[in-house]
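1. can you look at this prediction? I've put the sequence above it.
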Amino acid sequence: MKKKINQKEAIKKLKTGEKIDLFEIEFNDEAIEVLEAVLLEKNNIEVPKELVYYDDDIIDYSDDPELTEEELKQLKPVIHIPVIPLQKEVKEWLLNSDIDLMKLASELLENYYYDNVKNK
């Protein structure tokens, strides 16, 4: 019969190079950082997904250069218009234009309001 240990004990043993084949992992409610979950999974220990968490503060972005202004200008937003049915030609035109859709929609709605609601 294998000795039972929890996930934190298993992680500690794996980090020190100890084999855990002789142990049975019994998970408790204690959360497991994603890198530790990966370590367990690499050792054929299935980790309950609800216990895994990721701390965004530990991400090292130092090797990711900042985007330049030119690179930012080249990025195009993805346009999803699921509510407004448009002809294919109009959709393609919008996708390939530099139109600020939020500004356009705002101006169209305001113009409609002033022409058809407020001034009637």
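-> Perfect, I can see it now. Numbers count the residues shown, from 1 in each chain.
2. which helix or strand in this protein has the lowest average pLDDT?
-> One helix or strand of the chain scores below all others by mean pLDDT, DSSP states H and E: helix 69-74, with a mean of 82.
3. name the helices or strands packed onto the helix or strand following that one?
-> As assigned by DSSP states H and E, the chain's next helix or strand after helix 69-74 is helix 88-95. Counting contacts by 3 or more C-beta pairs under 8 Å, 6 or more residues apart in numbering; DSSP states H and E, helix 88-95 is packed against no other helix or strand. In this view, the C-beta of every residue, glycine as well, is placed from N, C-alpha and C.
4. pLDDT below threshold where in this protein?
-> Within the chain, the set of residues satisfying pLDDT under 70 comprises 76-83, 119-120.
5. hey, where'd the helices end up in this protein?
-> According to DSSP state H, the chain carries its helices in the segments 7-15, 34-42, 69-74, 88-95, 101-113.
6. okay, the ones you listed in CSV with mean neighbour count next?
-> Below are these laid out as CSV (neighbours: other C-beta atoms under 10 Å):
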stretch, mean neighbour count
helix 7-15, 17
helix 34-42, 15
helix 69-74, 9
helix 88-95, 11
helix 101-113, 11
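7. of all those helices, which one is nearest Asp55?
-> With C-beta to C-beta, the closest approach to Asp55 among those belongs to helix 34-42: 8.2 Å.
8. against which helices or strands is the closest one packed?
-> On a contact count with 3+ C-beta pairs under 8 Å, 6+ apart, helix 34-42 meets helix 7-15, strand 52-53.
9. Leu108: which of these is closest?
-> Set against Leu108 and scored by C-beta to C-beta, those come closest in strand 52-53, at 44.2 Å.
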